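In: Sequence and predicted structure below; questions after.
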Amino acid sequence: RNVDVQFISPRPVAMMHWEQPHLVEHWTQTTNDTIAQTIRLHPGRFRGIAQLPQVGIEFSGDSSGCVPELERAVTELGFVGAMLNPDPAGDRQTPGMNDEYWFPLYEAAEALESPLVVHASITRDPRVTIIPHNYQYNFLTEQTLATQLLENSTVFEDFPRLRVVVCHCGGAPSRFVPRAQPSGLQGGGQVGIGHRAAPAHAAIPEWNDNLFFDTCSYDQDYLETAIKQRGVNQMMFGTEAPGSGTAVLNPDTGKPADDMVPVVDRIGFLTQDDKDKIFRRNALRVFPLFKD
């Protein structure tokens, strides 16, 4: 895949966050120890993104239970970040990423300079069982929601040095005109559901140093839209290799679908400087624990 250094993360659908806490704790430690062993065997090729021992809301009042493993992964194992599942139990009951539930983890990640990589896992929604690979649908919905909640809250005002990377281009792209004044209902909302609008004088915040997205979208048109909406400076190279596209041929590139380098390279509006940012420089900016 022409990748010199890969940040290895746990496989999202195998994080087991929906299990009992004592099982999740041991499975998380085993996963991180295995990633650490891979790094020790190939120190010039790999760095680690930690799994966190997340569990359902019925077992945890907040995210503080994740902090000791995050600290171990960064300070003892030398990991450069950690993966955050916004819906660990797969039941959509865990508070949104703007909620104080997450603040202990945010505080620890900020202090450790460890970015949090947002990636959902399985869903227990019975309506989607007919959909093949229905966890992919959960990725879309949960990562879109995470992006929206982070963009429309004060999380990055409260944690100004926190860095968050939302996978798969941040979920669904926006269908609204950027910065347009909404007509009628606030922002396209619906009757009967209130919207807590920002004060009229408030500026629309920019999170250029806080909120980032990866390029893991196998469809080039979708990826182009995401880059245009998010901005080149907020995008960094990401792929699943090996992953869900390894055995599928991309007819446009003649390569496996998860070989994203030629897909990014085909995007006509990107300059060579843009591609250098996406392939390398943005990641160096976002992951300070990685030493090139």
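Out: All right, it came through fine.
In: ok, which stretches of the protein are strands?
Out: For the chain, the strands defined by DSSP state E occupy 6-8, 46-50, 81-84, 116-118, 164-166, 211-214, 235-236, 249-250, 255-256.
In: Next, format those as CSV and append mean pLDDT and distance to residue 128.
Out: For the C-beta atoms, the positions are set from N, CA and C on the backbone; glycine is no exception. Formatted as CSV, the strands of the chain follow (pLDDT from 0 to 100; distance: least, Cβ to Cβ, whole Å):
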stretch, mean pLDDT, distance to residue 128
strand 6-8, 94, 29
strand 46-50, 97, 27
strand 81-84, 98, 22
strand 116-118, 98, 20
strand 164-166, 98, 21
strand 211-214, 96, 23
strand 235-236, 96, 28
strand 249-250, 87, 26
strand 255-256, 86, 27
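In: Mind putting these into TSV with distance to residue 15 and mean neighbour count?
Out: Formatted as TSV, these follow (distance: least, Cβ to Cβ, whole Å; neighbours: other Cβ atoms under 10 Å):
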stretch	distance to residue 15	mean neighbour count
strand 6-8	14	17
strand 46-50	11	22
strand 81-84	8	26
strand 116-118	12	25
strand 164-166	17	26
strand 211-214	18	24
strand 235-236	22	23
strand 249-250	28	15
strand 255-256	25	17
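In: To residue 26, which of those strands lies closest?
Out: strand 46-50 (14.9 Å; Cβ to Cβ).
In: which residues touch the closest one?
Out: 5-10, 32, 35-36, 38-39, 69-70, 73-74, 77-83, 117, 290 (Cβ atoms under 8 Å, 6 or more residues apart in numbering).
In: In helices only, show me those residues.
Out: Secondary structure from DSSP state H places 32, 35, 36, 38, 39, 69, 70, 73, 74 of the contacts of strand 46-50 in helices.
In: which residue sits closest to the fifth one in space, ignoring its chain neighbours?
Out: Spelled out, it's residue 39. Closest residue to residue 39 apart from its sequence neighbours, by Cβ to Cβ, 6 or more residues apart in numbering: residue 46 at 4.8 Å.
In: Residue 5 versus the one you found, what's the distance?
Out: 7 Å (Cβ to Cβ, to the nearest Å).
In: repeat for residue 45
Out: In terms of Cβ to Cβ, residue 45 sits 6 Å off from residue 5.
In: Over to residue 62?
Out: 34 Å.
In: same question, residue 122
Out: 29 Å.
In: Neighbour count for those two, which is higher?
Out: Ranked by neighbour count (other Cβ atoms under 10 Å), residue 122 and residue 5 place residue 122 first, with 21 against 13.
In: Need the pLDDT of the more buried one.
Out: Reported pLDDT at residue 122 in the predicted model: 83.
In: Please name the residues that touch residue 78.
Out: Contacts of residue 78 (Cβ under 8 Å, 6+ apart): 36, 39, 47, 48.
In: now the helices: where do they sit in the stretch 1-150 of the chain?
Out: 21-41, 67-75, 103-112, 134-151 (DSSP state H, counting those that start in this stretch).
In: By mean pLDDT, show me the worst of those.
Out: Going by mean pLDDT, the lowest-scoring of the helices of the stretch 1-150 of the chain is helix 134-151, which has a mean of 89.
In: Which strands and helices lie in contact with that helix?
Out: strand 164-166, strand 211-214 (3 or more Cβ pairs under 8 Å, 6 or more residues apart in numbering; DSSP states H and E).
In: Export the ones you listed to a markdown table and append columns for distance to residue 20.
Out: Converted to a markdown table, these look like this (distance: least, Cβ to Cβ, whole Å):
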| stretch | distance to residue 20 |
| --- | --- |
| strand 164-166 | 28 |
| strand 211-214 | 31 |
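In: closest one to residue 237 among those strands?
Out: Short answer: strand 211-214, nearest of the helices and strands packed on helix 134-151 by Cβ to Cβ, at 7.0 Å.
In: Show me the contact partners of that closest one.
Out: 115, 147, 150-151, 156, 163-170, 226, 230, 234-238, 282, 286.
In: Neighbouring strands - and their directions - for it?
Out: strand 164-166 (parallel), strand 235-236 (parallel) (DSSP bridges).
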